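S.K.: next come a sequence and a model predicted from it.
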Amino acid sequence: MTGIARLVADKKVVVSIGPGGVGKTTISSLLALEAASRGRRTLALTMDPSRRLAQSLGVRPDAEFGRVTERRMREAGFSPKAELAVRLLDSRATFDALVTKTAPSEDAARRILSNNYYKSVASSLAGVHEYMAGEALLSSFEEGAYDLVILDTPPAEHLSGFLSAPSRLAAILDSSGFKSFVMMDRLSFGFTKLFTSVSLRFIEKIVGIDVLHDMWEFFSGFEGVGEGMKARARKTDELLKSPGASFVIVTSLREDSMANAASWRGELAAGGYDVGGMVVNRALFPEKRRLRDKLPKGFSGHKGLASKLESNYGLYTEIADAEHDALDRLRREFDFAAVPDAGSDITALSDLYGLRKYLF
Amino acid sequence: MTITDILGKKLIVITGKGGVGKTTVSLALAFLNARLGRRPVYVTLKEVRPGYPFFGFTGGVGSGETELAPGIRAHYIDPTAALDEYVKERFVRLYPLYAAVLKSKAVSGFFEAAPGLKELITIGKVWHLGNRPGGYDQVIFDAPSTGHAVPILDLPGRVLDMVRGGAFRSHIEWVEGFLKDPGKTAVLAVSAPEDMAVGETLQLVSSVREAGINVLGAVLNYTVKSPFTPAEEKAVLAAEDAGRGGDAVRLARLTISRARATTKYGKILRRSRPGAVLGAPRIFKKDLSLEDLRSLSVEIENQAARP
């Protein structure tokens, strides 16, 4: 069994990470289909699949949840033994649900959800998408309805985008400054009194009193929620570090993408997370052999065609050599699976089936 | 889209889906400027550490000016440093005091959370690079991918309602002023012949226009032309299906499917009228060099010159 096959057979949580545009969603979908084929009840949490891929995965337009039935998987070539559920990640809805879940009372939750600042800004704060992806993973896992939850993370430039998002966001939402403002308010120094501090005068000079008021209202109401959110983030992190969880790094063969993958691998291991697999996606020449059969056979009837085939072939030789060397270099360092560039969109379940043999 | 349309703007914002080649197109535009004797600057929000591969250039792109190639200068903008500079310029006399305040956890936490503050100050800094005395002729802003760029571009409209006073309000109005001035700023969307990339481009174009910002057009990257006639294509595909022909036939098939995707998505893109659509041909290399980007800029110039 390949390393990646073991992950879908044994783990409870698999998280795929990688930079934008390398095909993370394709790879995650394939992992999920494989898990269902091995009889595991699987949930795929995904950020932003193309409309047609979402449709293939059973998610109707404007819906957030879908199912791939065993019949549809069978039609595409898979031999399913369990259904596959698919959920599209919606940061705002997850944030709302989290506020409702962690607020001390229904009233407190309503106050936050209707606050100006929350409505227009909070869901676009740095780290919110990553944080909410982690939260969606944890709450799906807690539902207990699945043997395996696969999370396709938002594209990240830096690994820290996903891993440190909870603590960064918690730092923002729970800034000690606001906490002390709240405390001072409770000790009845009065709101206006606060403005005597240089910090507040400075803030006021820059953004004006209205923003300060909206934010003040939001942060005062958020105090209890912030604690709850921090506790959830800790639980997510514990889940990610547990023996039941593993990361899959998806990369392309471009030098910058490979440099990222290598450093992420090191960072994850140093942080105590398991890296169970690495996938090199969209390789033109994923096989070990070099290009051969240069002269096309069987086209003697088409004289011009043979030379066109040859010059088209010539276009790819430089990439083939460079990829070959890059794969060799990579092979000395890591165990990985290489998946070819299909040359066209991966949108149907049968397209995914065609890539199956490269991973498992 | 003529050369004058492209060069006439002080600020070109380049965006698109992750992986479509935003940086490639941004730098190609910088080369185009330089060839015509102008001073462009390439601006990114992603720091490139020294030693990290960047089109064969390994010196890194940090804060301050880096010359990637003769006439091609690059800047990384660090949002935190931009905020500090903003405060310095605004409050000359009180700056030493405020600089200390800015470093405190409470206040820096506040500025992370304040609506759009860092983003809008960063955009202001991007603009400023081209407009200070002795500045550049054109600022080419390699913006974050669509999902992150649109929220920044329509930010002024969203936060003006909230920020009713303070120095920041006039800053937002100023940013909104140059972003919405079609003579000064334009967005160029980068796309690729793939379902998702084109879908995102169409969404991007409509959101940017809705925000009142001029869209210059789109660059369809990774275009491929088929060298084969329809009859030859048929013979190639038949041979591939029959398992004959080996690598040469497999690669011919790859070229054919890429060329078909180019035609298909080129049509979809043009039909939705995102402005002019230029094609940037796929370069058959695993990694591009700065020299490749220079060649790409010639291709873009030739296409833009055609009526």
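M.R.: Sure thing, it's come through. Numbering: from 1, shown residues only, chains lettered A, B, ... in the order given.

S.K.: what about B:Arg169, distance to B:Lys22?
M.R.: For B:Arg169, the distance to B:Lys22 equals 31 Å [C-beta to C-beta, to the nearest Å]. Glycine gets a C-beta too; all of them are placed from N, C-alpha and C.

S.K.: over to B:Asn221?
M.R.: 9 Å.

S.K.: pull the longest strand from the chain.
M.R.: Since no chain was named, I'll use chain A. As far as residue count goes, and with DSSP state E defining each element, the longest strand of chain A is strand A:275-283.

S.K.: right idea, wrong chain: chain B
M.R.: Secondary structure of chain B per DSSP E: the longest strand is strand B:215-223.

S.K.: do that one and chain A meet?
M.R.: No. Using C-beta under 8 Å from any C-beta of the partner chain, strand B:215-223 never reaches chain A; the gap is at least 11.2 Å.

S.K.: what average pLDDT does the following helix or strand past that strand get?
M.R.: Past strand B:215-223, further along toward the C-terminus, the next helix or strand under DSSP states H and E is helix B:230-241. Averaged across helix B:230-241, the pLDDT comes to 91.

S.K.: what lies in contact with helix B:230-241?
M.R.: Contact with helix B:230-241 is made by A:298-299, A:302, A:304-305, A:308-309, B:226, B:228, B:245, B:249-250, B:252-253, B:256, as judged by C-beta atoms under 8 Å, 6 or more residues apart in numbering or on different chains.

S.K.: give me the angle between the helix or strand following that helix and helix B:230-241.
M.R.: Where DSSP H and E defines the elements, the next helix or strand beyond helix B:230-241 is helix B:246-271. Relative orientation of helix B:246-271 versus helix B:230-241 (axes from the mean of the first three to the mean of the last three C-alpha atoms, to 10 degrees): 130 degrees.

S.K.: tell me the buried residues in helix B:246-271?
M.R.: Along helix B:246-271, these residues count as buried under the neighbour rule (16 or more other C-beta atoms under 10 Å in any protein chain shown): B:246-262, B:265-266, B:268-269.

S.K.: swap in stretch B:46-60?
M.R.: With burial defined by 16+ other C-beta under 10 Å, the residues of stretch B:46-60 counted as buried are B:Val48, B:Tyr52, B:Pro53, B:Phe54, B:Phe55, B:Phe57.

S.K.: same check, this time on stretch B:118-132
M.R.: B:118-130.

S.K.: just give me the neighbour total for the closest residue to B:Pro40 other than its chain neighbours.
M.R.: Among residues not flanking B:Pro40 along the chain, B:Asn33 sits closest, at 3.6 Å (C-beta to C-beta, 6 or more residues apart in numbering or on different chains). By other C-beta atoms under 10 Å in any protein chain shown, the residues close to B:Asn33 number 24.

S.K.: so B:Asn33 sits against B:Gln138, correct?
M.R.: Yes. With contact defined as C-beta atoms under 8 Å, B:Asn33 reaches B:Gln138; the gap is 5.5 Å.

S.K.: mind listing the shared neighbours of those two?
M.R.: With C-beta under 8 Å, 6+ apart, B:Asn33 and B:Gln138 have common neighbours B:Leu7, B:Arg39, B:Pro40.

S.K.: A:Ile150: what secondary structure?
M.R.: Of the three states, A:Ile150 takes strand under DSSP: H, G, I helix; E, B strand; the rest coil.

S.K.: the residue lying closest to B:Asp161 once chain neighbours are set aside and B:Pro156, how far apart?
M.R.: In space, and not counting its chain neighbours, B:Asp161 is closest to A:Ser120: 7.7 Å by C-beta to C-beta, 6+ apart. Note on A:Ser120: its distance to B:Pro156, by C-beta to C-beta, is 13 Å.

S.K.: the more surrounded of the two?
M.R.: Each of A:Ser120 and B:Pro156 had its neighbours counted (other C-beta under 10 Å), and the higher figure belongs to B:Pro156 (25 against 16).

S.K.: surely the more buried one meets B:Trp174?
M.R.: No. Judged on C-beta under 8 Å, B:Pro156 makes no contact with B:Trp174 at a distance of 9.3 Å.

S.K.: after the helix or strand of chain A at the bottom of the mean pLDDT ranking, next one along is what?
M.R.: Confidence across the helices and strands of chain A bottoms out at helix A:191-194, with a mean of 46, counting by mean pLDDT, DSSP states H and E. With elements assigned by DSSP H and E, the helix or strand that comes after helix A:191-194 is helix A:198-207.

S.K.: mind checking how far that following helix is from the chain centre?
M.R.: When distances are taken as C-alpha atoms, centre = their mean, to the nearest Å, helix A:198-207 is centred 37 Å away from the chain's centroid.
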